[in-house]
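A structural model of the following input is requested.
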Amino acid sequence: MGVPFEALIPYGIMIGMFAFSAVSVGKLREMQNGGKKARRGIDAWDRVLMERDRRLTGFMRGQTDKPEAPQGFELNNPWRVEQRFL
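I've put the predicted structure just below:
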């Protein structure tokens, strides 16, 4: 005896929603990374370089081939200095 196809409709809807959400999350992460695939296993050095790229280009994954830094980058220091005497 066969299974009526109406019994499989909820399973099809659930599988479709899982697929839709997986594709949506993947596309959202790709858009957040400037069209590049998400990075995995980022260590401290990668974070330093990604922060430098963000300060240079405005994007964490952006890179530039200009030999000189943009105007104002010399004052864009990532080191925070405490202000003791105000």
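
which secondary element of the chain has the worst mean pLDDT?
helix 44-57 (a mean of 85; mean pLDDT, DSSP states H and E).

for Val3, which residues are in contact?
With contacts defined as CB atoms under 8 Å, 6 or more residues apart in numbering, Val3 has no neighbours. No exception for glycine: its C-beta is placed from N, CA and C like everyone else's.

actually Ile13, not the one I wrote
Ile13 neighbours (CB under 8 Å, 6+ apart): none.

any idea which element it lies in?
Per DSSP states H and E, Ile13 falls inside helix 9-32.

one step back: the least confident helix or strand of the chain - contacts with which helices or strands?
On a contact count with 3 or more CB pairs under 8 Å, 6 or more residues apart in numbering; DSSP states H and E, helix 44-57 meets no helix or strand.

please point out which parts of it sit buried.
Met50, Asp53, Leu56 (16 or more other CB atoms under 10 Å).

and the helix holding Ile13, average pLDDT?
For helix 9-32, the mean pLDDT works out to 94.

how far off centre is it?
Offset of helix 9-32 from its chain centre (CA atoms, centre = their mean, to the nearest Å): 18 Å.

could you do stretch 28-36 as well?
5 Å.

straight-line length of that stretch, end to end?
11 Å (CA to CA, to the nearest Å).

could you do stretch 66-73 as well?
Using CA to CA, one end of stretch 66-73 lies 13 Å from the other.
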